[in-house]
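> Sequence first, then the predicted structure:
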Amino acid sequence: MREFGYQRVHDVSGAVALRGADPEARYLGGGTNLVDLMKTGVERPAHLIDVRELPLGRIESTPDGGLRVGATVTNSELAAHPEVRRAYPALAQAVLAGASGQLRNMATVGGNLLQRTRCGYFADTTQPCNKRAPGSGCPAIEGEHHNHAILGASAHCVATHPSDMGVALAAFDAVVHYETADGPGELPLAEFYLPVGDTPHLETALPSGALITGITLPPAPVAAVSRYRKVRERASYAFAIGS
């Protein structure tokens with residue numbers, strides 16, 4: 001791992017300003033994905049902006065009867081929250097279906113949405129990968145492609161997205177809120193992720209340098225009787241073949 005700068009921030013505007021001043025900086029939440037990618041050389045940020053102590057760690061009811069979840073809420077906190085379990089049980093089940101208890105204790109809601117694929121070719125910098133190095137090719141199409149995508153893939157990338165939480169949030173028409181130097185913005189979860197197409201390296205519609213501040217779940221009576229179904233090869237610690 002190469003040397004990098006590190007700074008802990010305590011307000012959203014300060015975090016956004018630091019990111020704007022250094023295009024090679026990255027926001028650090030729980031680090032359960034980013035740090036691994038730094039170790040393999042996939043991610044090479046010059047500076048880490050630690051956002052864990054931002055005041056974004058609450059789950060609150062909205063005036064219309066929905067929920068707002070702060071970006072630094074941990075996956076464990078989200079899955080255990082009584083109102084999430086009551087009104088959006090599929091969301092709690094989706095979070096519990098992902099990773100291990102130790103990882104869920106560290107991983108944040110904002111970071112979960114931005115985690116990157118676990119495709120072996122993507123993680124191996126000695127291999128070509130259109131998602132990591134645009135135009136270099138996708139060896140998974142003809143190579144080792146066990147558990148790769150059938151639906152939503154393209155001739156340029158067959159990697160799958162690892163977020164269970166994102167699937168449930170999309171089903172509930174969640175909205176992602178973010179902050180930029182130009183002010184706040186929002187994106188429906190259904191528009192948050194970009195189609196793979198011929199640009200698999202472009203993964204989300206977030207503006208450059210944007211910091212996710214939270215997610216809003218609209219009121220939905222049917223959500224209270226929802227269930228999350230994940231099909232995988234083993235009962236724990238495996239990504240979905242379908243969900």
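Noted; the coordinates are in hand. Numbering: from 1, shown residues only.
> My guess is A181 contacts G209. True?
Yes - the criterion here is CB atoms under 8 Å, and A181 meets it with G209 at 6.9 Å. Quick note: C-beta positions are derived from backbone N, CA and C, even for glycine.
> Find residues that contact each of the two.
The contact sets of A181 and G209 overlap at 16, 20 (CB atoms under 8 Å, 6 or more residues apart in numbering).
> neighbour-wise, which of the two wins?
For A181 versus G209, neighbours defined as other CB atoms under 10 Å are more numerous around G209 (21 against 14).
> didn't S136 look like it was pressed against T125?
No - with contact defined as CB under 8 Å, S136 and T125 do not form a contacting pair (10.9 Å).
> Low-confidence stretches in the protein?
1 (pLDDT under 70).
> Can you identify each of the strands in it by residue range?
Assigned by DSSP state E, the strands in the chain fall at 5-8, 25-28, 47-50, 59-61, 67-70, 175-180, 183-188, 211-217.
> And for the chain, the residue most distant from the center?
Largest separation from the mean C-alpha position in the chain: E142, at 27.5 Å (CA atoms, centre = their mean).
> D173 - nearest residue in space that isn't next to it in sequence?
P218 (5.7 Å; CB to CB, 6 or more residues apart in numbering).
> Contacts only, for the one you found.
The contact partners of P218, by CB under 8 Å, 6+ apart, come to 64, 66, 172-175.
> For these, give me a markdown table that also has distance to Y121.
Written out in a markdown table, the entries for those read as follows (distance: CB to CB, whole Å):
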| residue | distance to Y121 |
| --- | --- |
| D64 | 44 |
| G66 | 39 |
| F172 | 32 |
| D173 | 33 |
| A174 | 30 |
| V175 | 33 |
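> Can you select the buried ones among those residues for me in ChimeraX?
With 16 or more other CB atoms under 10 Å as the burial test, the buried ones among the contacts of P218 are selected in ChimeraX as follows:
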select :66,172,174,175
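> Inside helices: which ones of the contacts of P218?
Using DSSP state H to define helices, no part of the contacts of P218 is located there.
> ok, of the contacts of P218, which one's closest to V73?
Using CB to CB, A174 comes nearest to V73 of those, at 13.4 Å.
> pretty sure that closest one is touching I212, no?
No - proximity of A174 to I212 does not meet the contact threshold set by CB under 8 Å, at 11.9 Å.
> could you list every residue that touches the residue nearest the centre of the chain?
The residue lying closest to the centre of the chain (CA atoms, centre = their mean) is L113, at 1.8 Å. Neighbouring residues of L113 by CB under 8 Å, 6+ apart: 163, 165-166, 169, 176, 192, 204, 212, 215.
> All set now, cheers.
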